[in-house]
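**Q** Model the following, please.
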Amino acid sequence: MKLLKIGLVVLALGLLVAPAMAQDSKVGFVNPQRIVSESRIGQIAQEDLARLGKEKDRRVREALRDVEDIRQQLESGTLSVTEEQGLEKSLRLAVRSYEQLVEQSNLDIQVEERRLIQFVMRRADSILRRIAEERGFTMILTDPEIIGYVHSSMDITDRVITELNGML
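**A** You can find the predicted model right below:
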């Protein structure tokens with residue numbers, strides 16, 4: 001019960017103090033997806049990701065070919081019962097291996113995509129800090145999914161892209 005009272009007091013104080021603090025705050029916005037897709041450094045990183053994706057896709061296609069080859073052998077109808085049983089076991093193993101390869105490839109690409117965004121945004125970090133100081137921002141938001149509205153004067157994405165391109 002005491003914790004509830006203390007919690008209510010803290011909440012009430014927070015509600016009283018928050019408006020006063022919010023008046024001193026100025027928030028900027030930058031869209032990381034645009035920075036990655038429109039800046040030269042992001043485009044270079046995306047090309048690397050595309051090469052990785054092609055290599056993963058090539059390996060997946062090879063594994064699928066292996067599965068199809070075993071299926072065709074099974075469907076030929078010229079096998080003994082023992083050979084057929086052996087191939088069925090090989091098919092199950094090949095299918096399992098194929099499914100694991102697809103899953104791992106997707107995970108690898110997702111991890112690499114996150115690294116790509118982090119790499120580009122780390123390069124943009126010094127630019128963001130400088131712009132925040134210049135414009136008096138106390139915070140710069142980077143997630144367009146959680147923002148309902150951003151006034152165009154607070155969106156600094158174009159400037160960050162321009163300055164990133166100037167770094168190359």
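**Q** For stretch 67-83, the averaged confidence score.
**A** Stretch 67-83 shows a mean pLDDT of 90.
**Q** To clarify, my last question referred to stretch 24-35.
**A** Mean predicted confidence for stretch 24-35 is 88.
**Q** Nearest the middle, which residue of this protein would you pick?
**A** When CA atoms, centre = their mean is applied to the chain, the residue found nearest the centroid is residue 114 (3.9 Å).
**Q** What is the neighbour count of the residue nearest to residue 155 when sequence neighbours are not counted?
**A** Among residues not flanking residue 155 along the chain, residue 29 sits closest, at 5.0 Å (CB to CB, 6 or more residues apart in numbering). No exception for glycine: its C-beta is placed from N, CA and C like everyone else's. The criterion is other CB atoms under 10 Å. On that basis, residue 29 has 20 neighbouring residues.
**Q** got the phi/psi numbers for residue 29?
**A** phi -140, psi 140 (degrees, to the nearest 10).
**Q** residues touching it, list them.
**A** Contacts for residue 29 (CB atoms under 8 Å, 6 or more residues apart in numbering) come out as 140, 141, 142, 144, 147, 150, 154, 155, 156, 157.
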